[in-house]
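**Q** What follows is a predicted structure for the sequence shown.
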Amino acid sequence: MKKIILSLGLILIVFSSVKGQEANSIRLSFVVEPQFSWLRPDVDGAESRGSRGGYNFGIVLDRFFAENYAFSTGLTINTTGGKLKYSDVENADIPEPELGDKDYKLRYLEIPLGLKLRSNDFRRFNIYGRFGLSPQINIEAKDDNDNNINEQVRLFDLGYHLGGGLEYSIGGSNAFMFGLTYHNGFLDITDEPYFDDKTTLGRLVFEIGFIF
């Protein structure tokens with residue numbers, strides 16, 4: 001974790017220097033995002049057992065190519081997961097230890113890629129929307145007993161995100177932002193040997209950030 005925080009700090013310094021050179025076209029944000037996430041299996045013998053709380057934090061870089069339109073990317077650490085219940089199915093011959101409730105506690109390195117749209121300012125506010133893709137790489141996977149389950153979770157995940165919110169200017173280029181974003185996964189994130197399923201990850205993210 002210390003290495004991750006150090007890496008984010010170094011990237012923040014580099015992006016800040018770039019922003020200083022192109023102040024009118026690049027905006028850098030630090031975000032802290034509480035979230036609820038869940039897993040969706042598509043096979044008999046596996047079912048979702050509710051959501052899991054988590055958080056996402058890091059930096060977001062918006063590169064404006066017009067006054068109200070920007071390419072958006074960044075680097076965040078995503079602590080997420082979900083709960084599944086595995087049950088035996090006819091003629092499956094699944095070992096008893098593989099059955100029952102299972103809590104997936106996952107951590108990803110996420111590099112969002114998308115577009116951001118902003119309204120013109122009214123008073124100190126503007127409205128923004130964002131959409132795009134959410135590729136992420138798994139860097140940690142544990143079960144409810146904190147056992148390592150990296151071999152049961154796939155390395156790469158990909159989904160889309162769609163959301164929006166408000167920015168509140170506090171002077172100059174600085175502003176607070178508050179928003180809500182929905183993330184929906186495309187790919188199977190699990191690699192369970194006894195279940196030929198496709199389990200995707202969904203998230204509802206409450207975006208809180210500061211724009212430098």
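**A** Received it, and whenever you're ready, just let me know what you need.
**Q** Is E110 bridged to anything, and to what?
**A** T76, Q136 (DSSP bridges).
**Q** Surely it touches Q136?
**A** Yes: E110 is within contact range of Q136, at 4.0 Å (criterion: CB atoms under 8 Å). (Each C-beta comes from the backbone N, C-alpha and C, glycine too.)
**Q** Looking at these two, which is more packed in?
**A** Q136 (26 against 19; other CB atoms under 10 Å).
**Q** For D188, give me its contacts.
**A** 154, 197-200 (CB atoms under 8 Å, 6 or more residues apart in numbering).
**Q** Got a ChimeraX select line for the buried ones in these?
**A** In ChimeraX, this line selects whichever of the contacts of D188 come out buried by 16 or more other CB atoms under 10 Å:
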select :197,198,199,200
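**Q** E192: what secondary structure?
**A** For E192, the assignment made with DSSP: H, G, I helix; E, B strand; the rest coil gives coil.
**Q** swap that for E151, please
**A** helix.
**Q** Tell me how far the closest residue to it other than its chain neighbours lies from F71.
**A** Using CB to CB, 6 or more residues apart in numbering and skipping the chain neighbours, the partner closest in space to E151 is D191 (7.0 Å). Noted for D191: a distance of 33 Å to F71, by CB to CB, to the nearest Å.
**Q** low-confidence ranges in this structure?
**A** Counting by pLDDT under 70, the ranges of the chain that qualify are 1-24, 44-45, 88-100, 194-195.
**Q** Name all residues that make contact with the spatially most central residue of it.
**A** Closest to where the C-alpha atoms of the chain average out (CA atoms, centre = their mean) is N78, at 5.2 Å. When contacts are counted by CB under 8 Å, 6+ apart, N78 touches 54, 56, 107-110, 136.
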